[in-house]
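Colleague: okay, here's the prediction I keep looking at, along with the sequence it came from:
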Amino acid sequence: MRLRTAAGLGAGGLIVATLAFAQTTNDAVTFPEAYRNDVHYGTVTRGNIREELFASPAALAAAREGRPFPEGTIITMEDHRDGGLHRYVVMEKRAEWGRISRAGQWQFREFAPDKSPNPSEDGSRCAACHQSQAANDFVFTTRQMREPK
């Protein structure tokens, strides 16, 4: 799908372009049902929050070798608060998202404990924060991925 700039578009064209953008945001990120088959590479604890992190062996190999994460990489975070599962946050990398993402080629999506998408989160808060990690392909936990378990 190609997005056109607003220059030269009539009002109807601008609406179509806006809808095309909306359809290519984080709705394409689906819950990775088999994420627990990936590698549990780290736990981050901050006060009453515990984050369990999972990624594929290919993603960990790229991190260890100092390469960008491969196309299709999915990083899944279980967010536990006060001893219970609060939510999941999933980040996924696809080349075509480089045109629309504020965090490289990554899109982010939040899921409830029952694995249903959180419609009130569009991933923009995640993307804004992850911009600070551009040198690490927009991933905060690259260092943990590099450390052998």
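Modeller: Noted; the coordinates are in hand. What you see is a predicted model; the values in this text were computed from it and never measured. Numbers count the residues shown, from 1 in each chain.

Colleague: who is the residue nearest to Pro32 when sequence neighbours are not counted paired with across the strands?
Modeller: In space, and not counting its chain neighbours, Pro32 is closest to Ile74: 5.1 Å by Cβ to Cβ, 6 or more residues apart in numbering. C-betas here are computed from N, CA, C, even on glycine. Here Ile74 sits in beta bridges with Glu92, going by DSSP bridges.

Colleague: per-residue confidence at Ile74?
Modeller: Per-residue pLDDT puts Ile74 at 98.

Colleague: same thing with Arg143?
Modeller: Listed pLDDT for Arg143 reads 93.

Colleague: name the SS class of it, please.
Modeller: The three-state label given to Arg143 by DSSP: H, G, I helix; E, B strand; the rest coil is helix.

Colleague: just Ala103 next, same as before
Modeller: Assigned with three-state DSSP, Ala103 falls in the coil class.

Colleague: got the phi and psi for it?
Modeller: Here is the backbone geometry of Ala103 (degrees, to the nearest 10): phi -130, psi 70.
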